[in-house]
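Visitor: predicted model and sequence follow; I will ask about them next.
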Amino acid sequence: MIDLEQVRKVALLARLQLTPAEEEQFTPQLNSILEYFEQLSELDTENVEPTTRAIDVSNVTRPDQLKPCEALEEILQEAPDREDQYFRVPQILGGE
Amino acid sequence: MTSAAPVKTEYEAIIGLETHVQLSTETKIFSSSSTKFGAPPNTNIDPVCMGMPGTLPVLNQKVLEYAVKTGLALNCQIAPYSKFDRKQYFYPDLPKNYQISQFDLPIATGGWLEIELVDKQGNATRKKIGITRLHMEEDAGKLVHAGSDRLSGSAYSLVDYNRAGVPLIEIVTEPDLRSGQEAAEYAQELRRIVRYLGVSDGNMQEGSLRCDVNISVRPVGGEKFGTKVEIKNMNSFSAIQRAIEYEIERQIAAIESGERIVQETRLWEEGSQRTISMRTKEGSSDYRYFPEPDLGPIEVSQEQLAQWRSELPELPAQKRHRYENELGLSAYDARVLTDDRAMAEYFEAAVAAGAPAKQAANWITSDITGYLNKEGKSISEIALKPEVLAEMIGLIEANTISTKIGKDILPELLAKGGSAKALVESKGLIQISDAGAIEAIIDEVIAANPGELEKYRSGKKNLLGFFVGQVMKKSGGRADPKLTNQLLQKKLES
C-alpha cells in the first residue's frame, strides 16, 4: 500500500508540485494502479527464468562510423532558451 | 608520506577509487556524432544524445569491444548476460533527465590490478588491488558558463552537450588502498593499461581519466569501517595523492577532537591544497534505476571473447616482471621503460637486434629520453631505429668506438637516422686501439708539456688527468681511454 508520504516523495523526485488536495486524490489512484499490476502475482513463475526484456533480441550494435548530424540548428531551435550556440538554463542551486 | 606524525600510526585509511575512463572511439556510445574534444559548442550533438522523442539509441560495437578488453586486462569475469539501465536525476548536464548506465548486470566484475611501489633504495613492493566492477555508460554535457541577466538579475548557466553521450567505462575498486601513494599508483597503472590497450588516451587534463576517491579512517586493527567521505575534482596523479593525504589528516584530527565525520562529497581545491565540503542536493541519491527499454541485452559469445582475449597486448605489469626476471633489469629501469608502450617496444626491438638489455636500457632511459624531453618528441618520432641503437652499442662493446664517441654521434643519429657504423667510418671516429699509435701521440704530448711532466714526476700525480685529456684532444676523442691510461702511466713513470 502506498501512503501520503510516498506520494510526496515520488512527487519530489519527479519535480511535481502537488496541492494537498491533489496529494489526497492521487494516493488512492496510485494504489489502484498498483493493485491492478498485483494481479500478475497470481501467475505461477516458479519455472520461468527472470528476464529484463519482453523481446528476445540481444547484441544489437552499430559500427563506429562518423555520421555528423545536419540538423544542429533545428535542435537548438527546440530549446526554450538559448544564447548563441549554447543552451541556456536557469542556474541550479548547489550545482557546479 | 614523509609528513607522518607519530599519532598517525594509530589510524589507517581505507580507500577505494571510482575511475571514469573516456573510450577513444570516433563516435558516441549510442549515436554517430563525433567525440572530438574541443569542438565549438553544440556541434557534436544529434537527436539521440539530445533525447529527442522517437529516437532510438544503438550501442557502438567498439565501446563493447573496448569495455570487454579492459575487463579482461583487469582479470575480470565478463558477464554472459549484461544490460543497460536508466539512472534518473534532474540536472541540466543531462538532456534526457536520465543517464544510460549499467546497474545490476555490469559487463565485467571481480578482477584485480597489480600495483608496484618502488622506494628510494629501488626495492619494489607489489600489491593486488581488487576490482569490484566495470561498466559502460554515457558521459554528460558541460555547464560552461554562468552569469546573471542584466535585465532580470536572475542567474543562468550555458550548456554545451558535445560531451553528452561520449562513451565512458567506470571502474570501481574494492576498498583495498591504504595511502595516497597507493591510490596515485593505482590510477597510473590503470592509465598505463588503457593506453597499452589503445582504448583511451588517458588524458587527465581533458577529462579522459577522472578519479573519485572514497575514503574513511579507523584505528589500526579495527573491524568496522569509519564514515566514508567522497572526494572529487583531482586532475593529476599528484593531486589524488595530496587530496588523500590531506583528507586522512583532516579526518584523524576531527576524530581526535571528538567530532563526528559527516558522510558527504568534498571537492579538492588545487589552489589552497585542501578539500572543501560540497553542498549536497536533497533526495538526489534516489536514482530509481530501471532497465533501459530502448537497448537490448548483451551476450558476449565464447568465440568473441576468445577473439578479443587473443588481441590483448602484453601488459605493463607482465613486461615489468619479464624485464626484471628474464632480462635482469632493475625494478626502476623496468618501470621507466614500460611506462609507455612505444618505449617498451623500442627497447624490445633493440634487444631483439642483439643489444645487451642493460646497455639498451641505459641508453634509452638516459640519453634518448633526455633528447625526447628536450625536443618534446615521443620515441616513435625519432629517426634512430632500434636496430641502429643495437648496432651502435655493438660498436662500443667491440671497442670500435668509445662510449664518449657514442654519445657524440647520438644526436645526429636521433635526428637523421642512418647506420651507426657508416657514420663512424665517414667521420673517421673509429677508436684507436693500437698501442703503437697511442704511444706516438703520448710521446708528442709529453714532449710538448715538459713543465707538467716535471711536476708529475715530483709528486703531482693528479696531473694524469691533464695528460689523458691532452691525448684525447689530440686523437679527436678516438684513443681507447683504458689503453691510454695504462700507457700514459707507464710512460710518465719511466
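Guide: Looks like it arrived, so ask away.

Visitor: which other helices and strands contact the top helix by length along chain A?
Guide: Ranked by residue count, the top helix of chain A under DSSP state H comes out as helix A:20-38. Counting contacts by 3 or more Cβ pairs under 8 Å, 6 or more residues apart in numbering or on different chains; DSSP states H and E, helix A:20-38 is packed against helix A:4-13. Glycine gets a C-beta too; all of them are placed from N, C-alpha and C.

Visitor: please see if the helix it packs on touches chain B.
Guide: Yes. Judged by Cβ under 8 Å from any Cβ of the partner chain, helix A:4-13 comes into contact with chain B at A:9, A:12, A:13.

Visitor: need the next SSE after the helix or strand that contains residue B:393, C-terminal direction.
Guide: Taking DSSP states H and E as the criterion, residue B:393 maps to helix B:386-397. On the C-terminal side of helix B:386-397, the nearest following helix or strand under DSSP H and E is helix B:403-416.

Visitor: any idea how far the residue most central in space within chain A is from residue B:87?
Guide: Against the mean C-alpha coordinate of chain A, by Cα atoms, centre = their mean, the closest residue is residue A:14 at 8.2 Å. Applying Cβ to Cβ, to the nearest Å, the value for residue A:14 to residue B:87 is 15 Å.

Visitor: low pLDDT regions in the stretch 301-450 of chain B?
Guide: Under the criterion pLDDT under 70, no range of the stretch 301-450 of chain B is flagged.

Visitor: residue B:443: neighbour count?
Guide: 11 (other Cβ atoms under 10 Å in any protein chain shown).

Visitor: quick check: it is in a helix.
Guide: Yes. Counting by DSSP: H, G, I helix; E, B strand; the rest coil, residue B:443 falls inside a helix.

Visitor: of the residues of helix A:4-13 next to chain B, buried ones?
Guide: Buried members of the residues of helix A:4-13 next to chain B, scored by 16 or more other Cβ atoms under 10 Å in any protein chain shown, are residue A:13.

Visitor: will you turn the residues of helix A:4-13 next to chain B into TSV that also has distance to residue B:144 and pLDDT?
Guide: What follows is the residues of helix A:4-13 next to chain B, written out as TSV (distance: Cβ to Cβ, whole Å; pLDDT from 0 to 100):
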residue	distance to residue B:144	pLDDT
A:9	33	90
A:12	29	87
A:13	27	84
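
Visitor: returning to what we had before: need the phi and psi values for the residue nearest to the centre of chain A.
Guide: phi -90, psi 10 (degrees, to the nearest 10).

Visitor: and the pLDDT at it?
Guide: Per-residue pLDDT puts residue A:14 at 85.

Visitor: cool, the one 4 residues further on as well?
Guide: Each residue has a pLDDT score; the one for residue A:18 is 95.

Visitor: quick one: the strands in the stretch 351-494 of chain B?
Guide: Counting by DSSP state E, counting those that start in this stretch, the stretch 351-494 of chain B forms no strands at all.

Visitor: nearest to chain A: which residue in it?
Guide: residue B:380 (23.7 Å; Cβ to the nearest Cβ).

Visitor: avg pLDDT for the biggest strand by length in chain A?
Guide: Longest strand in chain A, counting residues (DSSP state E): strand A:86-90. Mean pLDDT, computed over strand A:86-90, is 92.

Visitor: and for stretch B:462-475?
Guide: The model assigns stretch B:462-475 a mean pLDDT of 88.
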